[in-house]
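K.L.:
build me a model from this:
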Amino acid sequence: MELSVKDRLYLPTFLPARGNFKEFNLKKEILRKIAIGDEERKTINLRENAEDKRIEWDVEKEHPLEVEFSADEMAYWKI
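P.N.:
Down below sits the predicted model:
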């Protein structure tokens, strides 16, 4: 699955807030896979606009992230 920076910022909001231990581990693994690391953050100049509290980045410098989710992970975020 190909995810943009915007997808990766929004996806955590769609994950369930609570769950059992297995679900906790699935959520943790999904978040690890889609994380925006320090190097990528610098490359795309990811920042918060102080005026309107919005997250901004240089879209032209962004490269989609190719991520593979397991069947369990896919089922988890469809709960």
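K.L.:
now do the helices in this structure.
P.N.:
5-14, 21-34, 38-44, 71-76 (DSSP state H).
K.L.:
point out where this structure drops to low pLDDT.
P.N.:
Low-confidence segments of the chain, defined by pLDDT under 70: 79.
K.L.:
for the residue sitting furthest away from the middle of the chain, what are phi and psi?
P.N.:
What lies farthest from the middle of the chain is Glu51; by CA atoms, centre = their mean that is 23.9 Å. Dihedral pair for Glu51: phi -70, psi -50, per degrees, to the nearest 10.
K.L.:
tell me the contacts of it?
P.N.:
If a contact means CB atoms under 8 Å, 6 or more residues apart in numbering, then Glu51 has no contacts. All C-beta atoms are positioned from the backbone trio N, CA, C, and that covers glycine.
K.L.:
for Lys61, see how far away it is.
P.N.:
For Glu51, the distance to Lys61 equals 22 Å [CB to CB, to the nearest Å].
K.L.:
ditto for Phe14
P.N.:
Phe14 sits 26 Å away from Lys61, going by CB to CB.
K.L.:
and these two? Which one has more around it.
P.N.:
Lys61 (12 against 9; other CB atoms under 10 Å).
K.L.:
tell me which residues touch the more buried one, please.
P.N.:
43-45.
K.L.:
tell me the buried residues within the residues you listed.
P.N.:
Neighbour-count burial within the contacts of Lys61 applies to Ile44; the criterion is 16 or more other CB atoms under 10 Å.
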